[in-house]
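Enquirer: Just to be clear, the model below is a prediction. Sequence and coordinates:
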Amino acid sequence: MSADQKVLSVKNLKTYIYVNNRCNKALDGVSFDVYRGKTLCIVGESGCGKSITASSITQLLPKLSRIESGEIIYHSEKGDICIDQLERNGPEMRALRGAEISMIFQDPMTALNPVYRIGAQISEGLKYHSKNTLAQLKQISIELLQQMGIPLAAQRVEDYSHQFSGGMRQRAMIAMAMSCKPKILIADEPTTALDVTIQAQIFELIDELKQRHNTAVILITHDMGVVAELADHVAVMYMGNIVEQGTIDDVLRRPAHPYTEALLKSIPILGKGKQQQIIPIQGSTPDPYQRPKGCQFEPRCPYATEQCQIFPDSQPISGTHEALCWHSEKVLSHA
Amino acid sequence: MPSQEKILHIKGIKTHFPVRKGLLRTVAAHVKAVDGVDLEIYRGETLGLVGESGCGKTTLGKSIIQLVEAVSGQILYYEGEQTFDLLNLSPEEFKHIRQKIQIVFQDPHSSLNPAFTVFGSLQDPLKLYGVKTKAERRKIIGDLLEAVNMRREQMDNYPHEFSGGQRQRIGIARALCVNPEIVICDEAVSALDVSIQAQVLQLLQEIKEARGLTYIFITHDLSVVEYISDRVAVMYLGKIVELAESEALYRTPRHPYTQALLSAIPIADLDRKSERIVLEGDVPNPVSPPSGCAFHPRCPKFKSLSEPEKQHCMGESPQLSDATQLTQPHLVSCHYPN
């Protein structure tokens, strides 16, 4: 098994959401690859489409939305599967969801069902995807909770979610997601609701599981610090496009898109003290129903020229690195 | 630069909330949200107050402006020759002090009344503090909006017409409209996106310099605190565990909790990967905090101590005292600091 084997390819994906007779082009041509045993971080501000990317892959989109065009290909051991062609709740999709591709949601309190015991919720996926007796299922849930570092797992498996603390709930969510040993784990802001000391525990856990099972992880976050610590590959999103992607070194050390460059300059970095200069990005993100004509970042961009009225093509920087900007050369030489 | 002139002195403040149980709603226990905090705040400084959720940092802020009532202790406010004890004020004095200390709340969506225009929300304090005519009030509010980088005409808009960053600016304008001396920023930038967060942080810095304000900056984000604060106080379970100049605290943290907290933060810089100290377990329940030092069940240092030393940590609660004896005080509450 080679180290950089693709498990998922997304090609030119367009997902539109229809609300009040208006169309929000939430994803407008997104392409990326996910590799076995690697972490892809999708980073961006609220409303940029990072969560819609995740729910497109798992087909958990809101009702009034649809994948307009593009491909989501899951490279399974039995051959390629076009996820976008599957019926949302059809048998093929349900066979994948939870077993091959699973998801950790942002808020563990609302993602867990308050009227079922934790153990029942953890083993629910296994019940559908494997043939185990009830006693075996319980045993597996206890083992999973133990692996997640929850003390007294044999007793805790009988608890309800309100008896767990925030960090423990998120561990239970991870146990649930990992129960069928998925090939792809999608974590949508898994630690945003948690404190930093608990966040550190959760990240250590996800990293350990990734290494043990060679799972591909798609981590969605808004925190550049998290990206720097965990990612192998990074995709920066802005207004429904991936504006820049590459390996972590490419993107963080040699940003080629003005948005990435500006984003990195606008955050205070721990340990740099009071002397550090932070430079805010001017203006605010545009209304998704009144988008700029060409490049989406053009109204806020210091590099903008006439050319930016036309939507840019993806510019390759190196074999692993690309940016969606006419002026990426200039941005690179500037940094 | 901050002066050495004290503006606020918090002495042994305790804020407890009763937990009621049973049919008769009898008080079964107390949540000790703030449990004996001593703090001096100097004119013109920015004091950062950090800690995890539930450590009591917001309750401390609210106790200072008396949105919640402290059960014991003293908060002294110095104004020229006069000293006010904030917990024992006459109604006139209370009105006077309210003007001096203002707060910016965390959530810009719920802290503005949706039924009022910006002008409607901001004019009440001005009325109360003696700006009689409407024309005058409109002028003052217009100037304030310009000071927070918004347009004068926007005062006739309703909160739903603004973005999160703009609402937070309105929140700041509201705090400033009565010319306060101290502004408490309670997670003022936490709900904002990173690019907007930088705009608001810079705005707060500019306003502070222009008006000579004193900030108490409450947040859980240690990178933001380092950027904005002169001194930083770290709280854990209702107590301050470490208090020092911002630079000293970040460079040489003395308390094991501060060390773990700092090491747990993901840093957006590829060249500096720190050794991470991962704490075990969760923050204990503040209804029944652990005996002695409240941090000992999670303390990484506690495990390496000898048996009599462990007994000491479990038996006696450490006091906040100077650990370094250097020119700048570096207070830490630990029996065996680093």
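Expert: Looks like it arrived, so ask away.
Enquirer: Now do the contacts for A:Val157.
Expert: A:117-119, A:122, A:138, A:141-142, A:145 (CB atoms under 8 Å, 6 or more residues apart in numbering or on different chains). Quick note: C-beta positions are derived from backbone N, CA and C, even for glycine.
Enquirer: so where does the residue of the stretch 1-150 of chain A found nearest chain B fall, helix or strand?
Expert: Among all residues of the stretch 1-150 of chain A, A:Glu45 sits closest to chain B, at 4.1 Å; criterion: CB to the nearest CB. Assigned by DSSP states H and E, A:Glu45 belongs to no helix or strand.
Enquirer: same question, A:Gly167
Expert: Assigned by DSSP H and E, A:Gly167 falls within helix A:166-178.
Enquirer: State the next helix or strand along the chain beyond that helix.
Expert: Per DSSP H and E, the helix or strand that comes after helix A:166-178 is strand A:184-188.
Enquirer: got a pLDDT number for B:Tyr129?
Expert: Among the per-residue scores, B:Tyr129 holds a pLDDT of 86.
Enquirer: Could you do B:Val241 as well?
Expert: Note for B:Val241: predicted pLDDT of 94.
Enquirer: same deal with B:Thr15?
Expert: The model reports B:Thr15 with a pLDDT of 93.
Enquirer: Just give me the neighbour total for the closest residue to the residue of the stretch 1-150 of chain A closest to chain B other than its chain neighbours.
Expert: The spatial neighbour of A:Glu45 that comes closest, neighbours along the chain excluded (CB to CB, 6 or more residues apart in numbering or on different chains), is B:Asp193 at 4.1 Å. Using other CB atoms under 10 Å in any protein chain shown, B:Asp193 is surrounded by 23 other residues.
Enquirer: thinking again about what came up before, which one of the contacts of A:Val157 is nearest to A:Ser76?
Expert: Relative to A:Ser76, the closest of the contacts of A:Val157 is A:Ile122; by CB to CB it sits at 23.9 Å.
Enquirer: now that closest one, nearest residue through space, not along the chain?
Expert: A:Ser141 (4.3 Å).
Enquirer: Same check on A:Cys180?
Expert: Nearest one to A:Cys180, counting by CB to CB, 6+ apart, is A:Ala99 at 4.5 Å.
Enquirer: what sits against that neighbour?
Expert: A:125, A:128-129, A:180, A:182.
Enquirer: Pipe the residues you listed into TSV and attach neighbour count per row.
Expert: Listed next are the contacts of A:Ala99 as TSV, based on neighbours: other CB atoms under 10 Å in any protein chain shown:
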residue	neighbour count
A:Gly125	19
A:Tyr128	13
A:His129	19
A:Cys180	17
A:Pro182	22
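Enquirer: wait, which of those is closest to A:Tyr289?
Expert: Comparing the contacts of A:Ala99 against A:Tyr289 with CB to CB places A:Pro182 closest, at 36.0 Å.
Enquirer: Now the closest one: closest residue in space that isn't a chain neighbour?
Expert: In this structure, A:Pro182 finds its nearest non-sequential neighbour in A:Ser102, 4.3 Å apart by CB to CB, 6+ apart.
Enquirer: So which residues on the stretch 201-338 of chain B come close to chain A?
Expert: Proximity of the stretch 201-338 of chain B to chain A, by CB under 8 Å from any CB of the partner chain, involves residues B:201-202, B:220, B:222-224, B:226-229, B:246-247, B:250, B:260-270, B:272-273, B:276, B:278-280, B:282-283.
Enquirer: Which among the residues you listed count as buried?
Expert: Neighbour-count burial (16 or more other CB atoms under 10 Å in any protein chain shown) is assigned, among those, to B:201-202, B:220, B:222-224, B:226-229, B:246-247, B:250, B:260-269, B:279, B:282-283.
Enquirer: hang on, the earlier thing: wait, the residue nearest to A:Glu45 sits on A:Val43?
Expert: No. If you go by CB atoms under 8 Å, B:Asp193 and A:Val43 don't touch, sitting 11.7 Å apart.
Enquirer: For chain B, just list every one of the helices.
Expert: Residue ranges of the helices in chain B, as given by DSSP state H, are B:57-64, B:91-100, B:118-128, B:134-147, B:164-176, B:194-211, B:222-228, B:246-251, B:256-263, B:307-315.
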